[in-house]
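[1] using only what follows, build the 3D model:
(2 chains)
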Amino acid sequence: MMIRKIIDRPPRAVWAASLLAAVFFTLQALWIPAKAALGQVLVERAWHQVLAGRTDARPWPWADTSPVGILEIPRLGVRQFVLSGTSGRNLAWGPVAASAGGPIGLDDTVLSGHRDTHFAGLNALRAGDRILLTTPDRRLSFEISQMEIVDSTRQDLLLEPGVPRLTLVTCYPFNALRATSPLRYVVTALPSAADLPRPSAAARQTAVL
Amino acid sequence: MALTLNDNPTDSRQIRSRLDRALRRQDPDLADRLASRNQKIIIRETRSLRWQDRYLLIVASILLALFLLRTGSASADEAYGLEMASEHGDSLALALNTDVEIEITGLVSRVWVTQVFKNDSLHWMEGTYRFPLPHDAAVDRMQIVVGDRVLEGEIQEKAEAKRVYQQARQNGQTASLVEQQRPNQFQTRLANIGPGEEILVSISFLQPVQIRDGVFSLRLPMTFTPRWGDRADPPQQAAARVVFTGNAAEQQHGLTLNAHLKSDLEMSFVESRYHGVNVHPLANGYHIALDGPWPVTDRDFELIWSPERQTDPAPAVLSWDDGDAAYALLMLVPPAAESVQLIAREVIFVIDSSGSMAGSSLEQASAALIQALDNLQPADYFNIIDFDDDAISLFPESAPASGDALRQARKFIGNLDSDGGTNMLPALQMSLQSDPVDADLRQVIFITDGAVGNEDQLFRQIETWLNDSRLFTVGIGSAPNSYFMRKAAEIGRGTFTHIGHLGEVEVEMAALWDRIQRPALSDICVDWGQPAETYPQVIPDLYAGEPLWLTARFDSLPSAVTICGQYDGRYWQQTYDVQPRLQSENIATLWARSKIAALQDNLLFGQPPEEIKAAVIGLALKHRLLTQYTSMVAVDKTPVRFQHETLDSQTIGSLLPAGSGPAVAFAATAAGWQWQLLLSLAGLLAAGWLYRRSARCRLSYS
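    This next block holds a predicted model:
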């Protein structure tokens, strides 16, 4: 009865409150993609400090992350700053990197990103696509070898120290509305022989110098 | 048509009539035709959608489109296997190997399932092992090997079992506890599984054998592997990346199965319904094995067999001697139905029409009764007794099942009305103590919900009044007093049938009827040649199509058993030698279970609960049985982890094998902002709609 009455003749307070709530939640939802874009801009500044030698440079004072590299996928026109620390908070600002222990890119490396912001383009990737990863020291080139869908509740990603490999991970399916799927889209890329200095070779060079 | 485009109805009407008049002056015919067309257009105009409706329609279509766009997200069933957890996330290990051993002894089988798993991760894990069980089975034996440690299942009193597990965990010992069993599933927790360790889980349970129409069957759920969700459009599956832990999709898991059917009865067939098997006859039965390594699939394993039918009742005995005592299971297989004569019976139906039967219960009872009347043979006699506070019978004494009597009976059933209390005694007396008629056997069929409070008195009276009659109980309704009716039937040497809802009446009553209309052997006596503690305590009759079972315990194993009874209207007797080669521990377990059931029934006969509990626990510990007072625990004695280490792997990082890296859990890589946006946009539209309504209302009130 009560509900009927409100629907038939809504008091001003009811529609005003629902309008306010709706506007608030709309802005909150839009803030997520906005943050994703904004993060990349803010990180740019920190990246220059990293290049200048301050490897723990933070994009903003209270941040718990710092840029560790630039991910590029030439065919898709993707260019993004990669952040350190795999946490949900960092994922909002950019893709995050984790490695088996060695330097990003030279050791087994995993990059994770949101499927509905930074890594939205991943479903367009094909085997053989080129992926570039720029770290403060060098620019590495990878070639996609395979894509898989795995159930994250059943499996972990095992990292193998000393194996130069790049793995991109994002949620699957790409166009699901809700963020509840346990499935992950896993793209594995191996160093492309052409222009990647082998870690051992690089190490030897350093030794010779 | 400029006319229809005008939004203001008043203006458009004025303009239209002016134009109409001008046109009429020039060309009256054309004006008429246009007028009729305009009318149609005006109708369309009034039916156009209001803007609110349009918005609602748009919102609805957007929502629909978005939901259609959503691809099916794959969800897995609850996983069977070994699920391992640490602070680094969970993983599911699937069995590398599954081996099933079955020993079938008469009406039960013991099943051993052995599965091998591996902790592929680099962490210490706490595991949960799950296994699908047949609905009437419970795991009572267990052996778990983790690495080089062996854990054996032990039956202990419940509180004690829990304490032992907690203590073992705190002491850093490997422990597992079978705490609680959900129907259809066995679950046990395993603490302290080291990185890279192999886990062998071996569980065992007793499973009753099903018998229907003389065919024995044993069905095992075989859905060991979790079903992987349908992956919508999987991308190219190149060679699997081996570094994923527990990736089972590509591995082939083998199933081996061996069954031993222990019996010295000739079988007319032994078959598997869904798997190919090889069947070899042995001196003490049959050996059944899968005809090759079968993949573990979601198809169940079902074995069916049937003893060859003789012209006489055929006994078979299995036994067990544990040194202290001997146990035996006697099975009586009825002769083929054709060789059992139909006899003239007196069937007395007793129907409960008390207040508690009101509604669908009485409806079911009446339906069951009508069904039973249809099955009467012309040579049979019958009567109906209707009781609530007191009992009324249809005929003063049972009448032949003639057309006229049946018509009266149907009318009587139609007039049944549920009212009054449930006073069973007069009805029982009337049915069991009535004057005998010219029939070979009296069967009383008692249809009730059993809502009585004086069970003890009723049981005693049934025992006193029964004589040569047989009492069959039919429980009506979703929750009848099954205990009373099962026990009453047991004392009355009959059977208990439960009818849960109206749809079951036909099947259940037909089954009851098939069972009881051909008694093969009645007034059975069994002589083991020495004192025996036998269950069930009252031996029921043997009916065509359904074997009869008795379990007994002795001080030492008898060499022979003599069975006597009334067969085909004459005295029948047979002596059977107890074969020492037909031994199985199942027989002792079976006897103990029957005894526990009988003990628990004594609760209603006024025996103190503490006494019964002590007796049940004593039996359960001796025969290693799970009961309501006992559970199973397995603990080994060697501490495997220093006490200051936690289950988390960080403190044992140094234990990682050289050259291996960490396994990382997948991050939550979906922000889900579109969904949030969609919801809030829908909210925005709702707010707008509410605003519009409130504005319109204010307008109409001003």
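
[2] show me what counts as buried in the longest helix anywhere in chain A.
    Once chain A is assigned using DSSP state H, the helix that runs over the most residues is helix A:12-51. Of all the residues in helix A:12-51, those buried under the rule 16 or more other C-beta atoms under 10 Å in any protein chain shown are A:14-15, A:18-19, A:22, A:25-26, A:29, A:32-33, A:35-36, A:39-40, A:42-43, A:46-47, A:49-50. Using the backbone N, CA and C atoms, a C-beta is placed for each residue, glycine as well.

[3] for chain B, tell me which of these show up nearby.
    On the criterion C-beta under 8 Å from any C-beta of the partner chain, A:14, A:15, A:18, A:19, A:22, A:25, A:26, A:29, A:32, A:33, A:36 are the entries of the buried residues of helix A:12-51 that sit beside chain B.

[4] does the last one touch residue A:114 like I think?
    What it means is residue A:36. Yes. Between residue A:36 and residue A:114 there is a contact at 7.1 Å, judged by C-beta atoms under 8 Å.

[5] identify the contacts common to these two.
    Shared contacts of residue A:36 and residue A:114, defined by C-beta atoms under 8 Å, 6 or more residues apart in numbering or on different chains, comprise A:92, B:671.

[6] ok, then the element right after the longest helix of chain A?
    For helix A:12-51, the succeeding helix or strand toward the C-terminus, using DSSP states H and E, is strand A:67-73.

[7] tell me the mean pLDDT over that next one?
    On average, the pLDDT along strand A:67-73 is 91.

[8] which parts of the next helix or strand after it are buried?
    Next helix or strand after strand A:67-73 toward the C-terminus (DSSP H and E): strand A:78-84. Of the residues in strand A:78-84, those with enough neighbours to count as buried (16+ other C-beta under 10 Å) are A:78, A:80, A:81, A:82, A:83, A:84.

[9] out of those residues, which one sits closest to residue B:269?
    residue A:78 (67.3 Å; C-beta to C-beta).

[10] quick one, what contacts that closest one?
    The contact partners of residue A:78, by C-beta under 8 Å, 6+ apart, come to A:71, A:72, A:121.

[11] can you pick the most crowded of those?
    Top of these by neighbour number is residue A:71, holding 22 neighbours under the definition other C-beta atoms under 10 Å in any protein chain shown.

[12] that one and residue A:64, how far apart?
    Between residue A:71 and residue A:64 the computed distance is 20 Å (C-beta to C-beta, to the nearest Å).

[13] residue B:459 sits in which helix or strand?
    helix B:455-465.

[14] other SSEs contacting that helix?
    Based on contacts counted as 3 or more C-beta pairs under 8 Å, 6 or more residues apart in numbering or on different chains; DSSP states H and E, the elements that helix B:455-465 packs against are helix B:424-432, helix B:482-491.

[15] contacts for the shortest one?
    Helix B:424-432 has contacts (C-beta under 8 Å, 6+ apart) with B:348, B:350, B:352, B:383, B:385, B:387, B:390-391, B:393, B:444, B:446, B:448, B:452, B:457-458, B:461-462, B:465-467, B:469, B:471.

[16] hmm, back to that, out of the contacts of residue A:78, who's nearest residue B:149?
    When the contacts of residue A:78 are ranked by distance to residue B:149 (C-beta to C-beta), residue A:71 comes first, at 46.8 Å.

[17] you'd agree the closest one is up against residue A:80?
    Yes. Under the contact definition of C-beta under 8 Å, residue A:71 touches residue A:80, with a separation of 5.0 Å.

[18] give me the common contacts of these two.
    The overlap between the contact sets of residue A:71 and residue A:80 (C-beta under 8 Å, 6+ apart) consists of residue A:95.

[19] which residue does chain B have closest to chain A?
    Distances from chain B to chain A, computed as C-beta to the nearest C-beta, single out residue B:672 as the nearest residue at 2.9 Å.

[20] tally of neighbours for that residue?
    Number of residues near residue B:672 (other C-beta under 10 Å) recorded here: 20.

[21] contacting residues for it?
    A:116, A:177, A:178, A:179, A:180.

[22] so which of these reach chain B?
    Among the contacts of residue B:672, the ones lying near chain B by C-beta under 8 Å from any C-beta are A:116, A:177, A:178, A:179, A:180.

[23] redo those residues as JSON lines? Include distance to residue B:198, secondary structure and neighbour count.
    Compiled in JSON lines, those are given as follows (distance: C-beta to C-beta, whole Å; DSSP: H, G, I helix; E, B strand; the rest coil; neighbours: other C-beta atoms under 10 Å in any protein chain shown):
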{"residue": "A:116", "distance to residue B:198": "41", "secondary structure": "coil", "neighbour count": "24"}
{"residue": "A:177", "distance to residue B:198": "43", "secondary structure": "coil", "neighbour count": "19"}
{"residue": "A:178", "distance to residue B:198": "39", "secondary structure": "coil", "neighbour count": "12"}
{"residue": "A:179", "distance to residue B:198": "37", "secondary structure": "coil", "neighbour count": "18"}
{"residue": "A:180", "distance to residue B:198": "34", "secondary structure": "coil", "neighbour count": "13"}
